[in-house]
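Q: Pasted the sequence and its predicted model underneath.
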Amino acid sequence: MINNIDFIYEYSDLNLFKTRCKVLSGHYTDLVLEFGGSVLEQGPNGNRFIFESELFTIPESLSAYQLKGTPDFEQFLSDLLIAIIIDRRNDPDMKAKLDATASNADPTKCIIEIDTKYYPQVI
C-alpha cells in the first residue's frame, strides 16, 4: 500500500495519540478510521500484532457487512497500519506535522473529514 495512492493519513484532531486514515483504493475505498495504540505481543503461541482501531465512515457498499473481527478485514487493517508506520518513519516532516496538529484545535483544518457528531459539543 502506498500513501497518497491507496490511503492518506494524518494525526487525529480528536486525539493526538491516534492516526486518522482514509482508504483511497481497493475493496475498502472511502473507509475512514483511526488507529490508536499498537504493540507486538510475544506469547507462548507466537507473536501477535495488536492495535486499536475505530471506524468513523463506512461506505454504503460495505454497510451490510460485518467488518470488525473478520479475518480479511483485520488483515487489511494490519497491512494498512504497517504501511502508515513505514511511511511515517520515512517522512522527514512528520515532527512538524505533529506540532501543527497539536497547536491547532480547529477541526476544519483536517484533510480527512468525519461527521461533526464525533466532536465534543461546546456549551
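A: Received the coordinates, thanks.

Q: For Ala100, see how far away the residue sitting furthest away from the middle of the chain is.
A: Distance from the C-alpha centroid of the chain peaks at Pro44, with 29.4 Å (Cα atoms, centre = their mean). Using Cβ to Cβ, to the nearest Å, one gets 44 Å for the distance from Pro44 to Ala100. Any C-beta I mention is one placed from the backbone N, CA and C, and that applies to glycine too.

Q: Any idea what Val23 is bridged to?
A: Phe7 (DSSP bridges).

Q: what's the burial count for it?
A: 20 (other Cβ atoms under 10 Å).

Q: on that earlier part again, list phi and psi for the residue farthest from the centre of the chain.
A: Dihedral pair for Pro44: phi -60, psi -20, per degrees, to the nearest 10.

Q: Can you read off the pLDDT for it?
A: Per-residue confidence at Pro44 stands at 87 (pLDDT).

Q: Now do it against Glu74, distance only.
A: According to Cβ to Cβ, Pro44 stands 21 Å off from Glu74.

Q: Show me which residues of whichever helix in the chain runs longest are buried.
A: Taking DSSP state H as the criterion, the chain has its longest helix at helix 71-89. Neighbour counts over helix 71-89 (16 or more other Cβ atoms under 10 Å) mark 73, 76-77, 80-81, 83-84, 87 as buried.
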